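Student: quick one, structure for this:
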Amino acid sequence: MLFELATGNLAFRIEPTESNDEIEELSSVLNILGLTLQNTTAKSGYIIPYYNYQSVIQNAFILSKDYNIKSFNALAIKNLGYSPGKLNEMIFDDIIAKQSSDAWQSIKEEIQNNEEYHSTVQLVLISGNKKLLPLHFTISKLLNHNEIILTSLTTVLQDSLGDTFNSNYKLTPRLKDSEIIQNVYNYIINNLEEPLPSVKALAKMFGSNEFKLKEGFRHFFNTSIYKLYNEERLKKAHNLIEKTDLSLKEICFMCGFNSYLNFYKAFKKKYRYSPSELNRPSKME
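Tutor: Have a look, this model is predicted:
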């Protein structure tokens, strides 16, 4: 698999087996690595010549200059779970999740100031049944018009070596579960300043169940969801203390702790020294 990844075959996966626990564990780690590389590459906009690429539009919206939803494709209705009449009454802001609201406001400001605006960005949408949908959108402003077009794309890959690999390769249920785990992980990393939702809430948000999420995190990350969240918050805090002159209390709240005492105890337990003992860019009072 490592050779396949090195040649650019980021879609290659190892089929799960029941033969050996250690091999199974290693296979899962490599599959997650392949998925992460694939997502990162797609997000960066790079094209790998190993494949023939075909981009399929999943969701398309046309917005007015005031960001009212003027039109959309059939898949947008299906994926978001709104009726056509409901979507026509909404502005795009209404379906933007809280964690993407700042990014969307920045995009709107740039659109107002740039007649040739064009960008690709991840936005999290809220479906009709209140689930979160992380999607990568290409956003463009039409020249000489006020309309704005948003399209989310899925890239379909065809192996240039032929059809044999594709016909034999099937996306296993376990791999689909791994993609959900990856999405939950990305959500946690991008929202460390927010309180962590319950496992039940996370499962509902990402279309899974509590058991799969708990077992998935233990399997892929060798830890629980809360422990991973807490570890990442402390890593972020450590980095901010070393590289910024923000006060320790500001950093505490930026990393999602509701009190400095809780932050202090958790930090000292992990690093064996207090936050104030770290070298800082400038001395704080």
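Student: could you use CA atoms for every contact and neighbour count after this?
Tutor: Fine.
Student: and the longest helix along the chain, C-alpha only, in CSV?
Tutor: Taking DSSP state H as the criterion, the chain has its longest helix at helix 21-44. This file holds the C-alpha atoms of helix 21-44, laid out as CSV (Å, rounded to 0.1, in the frame of the first residue of the first chain):
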residue,chain,number,x,y,z
ASP,A,21,-5.2,-8.7,14.8
GLU,A,22,-1.9,-6.9,14.4
ILE,A,23,-2.2,-6.9,10.6
GLU,A,24,-5.8,-5.8,10.8
GLU,A,25,-4.7,-2.9,13.1
LEU,A,26,-1.9,-1.9,10.7
SER,A,27,-4.2,-2.1,7.7
SER,A,28,-6.7,0.2,9.4
VAL,A,29,-3.9,2.8,10.2
LEU,A,30,-2.8,2.7,6.6
ASN,A,31,-6.4,3.1,5.3
ILE,A,32,-6.8,6.1,7.4
LEU,A,33,-3.5,7.5,6.2
GLY,A,34,-4.7,7.0,2.6
LEU,A,35,-8.0,8.7,3.3
THR,A,36,-6.3,11.6,5.0
LEU,A,37,-3.9,12.1,2.1
GLN,A,38,-6.7,11.8,-0.4
ASN,A,39,-8.8,14.4,1.4
THR,A,40,-5.9,16.8,1.9
THR,A,41,-4.9,16.6,-1.8
ALA,A,42,-8.5,17.2,-2.9
LYS,A,43,-8.8,20.2,-0.5
SER,A,44,-5.6,21.7,-1.9
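Student: now it, how far from the chain's geometric center?
Tutor: 15 Å (Cα atoms, centre = their mean, to the nearest Å).
Student: elements contacting it?
Tutor: Helix 21-44 is packed against helix 210-221, with contacts defined by 3 or more Cα pairs under 8 Å, 6 or more residues apart in numbering; DSSP states H and E.
Student: now the helix it packs on: buried residues?
Tutor: 213, 214, 215, 216, 217, 220 (16 or more other Cα atoms under 10 Å).
Student: specify the local secondary structure of residue 120.
Tutor: strand (DSSP: H, G, I helix; E, B strand; the rest coil).
Student: mind listing the helices for this protein?
Tutor: 2-6, 21-44, 74-80, 84-88, 101-113, 163-168, 173-190, 199-205, 210-221, 225-243, 248-254, 260-271.
Student: tell me how many other residues surround residue 105.
Tutor: 12 (other Cα atoms under 10 Å).
Student: now it: how far from residue 237?
Tutor: Distance of residue 105 to residue 237, given as Cα to Cα, to the nearest Å: 26 Å.
Student: swap in residue 180?
Tutor: 27 Å.
Student: just checking, which helix or strand of this protein averages the lowest pLDDT?
Tutor: The weakest-scoring helix or strand in the chain, judged by mean pLDDT, DSSP states H and E, is helix 163-168 (a mean of 39).
Student: shaky segments in the protein?
Tutor: Applying pLDDT under 70 to the chain picks out residues 7, 16-20, 41-57, 153-176, 282-285.
Student: let's see 80
Tutor: For the chain, the stretches flagged by pLDDT under 80 are 1, 3-25, 35, 38-58, 133, 143-145, 153-179, 280-285.
Student: domain parsing for it?
Tutor: 1-50, 54-156, 171-285 (automatic domain parsing).
Student: tell me who's in contact with residue 91.
Tutor: 67, 68, 69 (Cα atoms under 8 Å, 6 or more residues apart in numbering).
Student: likewise residue 224?
Tutor: 214, 217, 218.
Student: switch the buried residues of helix 210-221 over to TSV; also include distance to residue 253.
Tutor: Listed next are the buried residues of helix 210-221 as TSV, based on distance: Cα to Cα, whole Å:
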residue	distance to residue 253
213	27
214	27
215	30
216	29
217	26
220	29
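Student: closest one of those residues to residue 267?
Tutor: Here the nearest of the buried residues of helix 210-221 to residue 267, counting by Cα to Cα, is residue 217; it sits at 22.7 Å.
Student: so the closest one sits right up against residue 226, yeah?
Tutor: No. Using Cα atoms under 8 Å, residue 217 makes no contact with residue 226, being 9.9 Å away.
Student: ok, back up a step: quick one: which of the contacts of residue 91 sit in strands?
Tutor: residue 69 (DSSP state E).
Student: I'd like the contacts of residue 91 as CSV, with distance to residue 141 and neighbour count appended.
Tutor: Converted to CSV, the contacts of residue 91 look like this (distance: Cα to Cα, whole Å; neighbours: other Cα atoms under 10 Å):
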residue, distance to residue 141, neighbour count
67, 12, 16
68, 14, 20
69, 14, 21
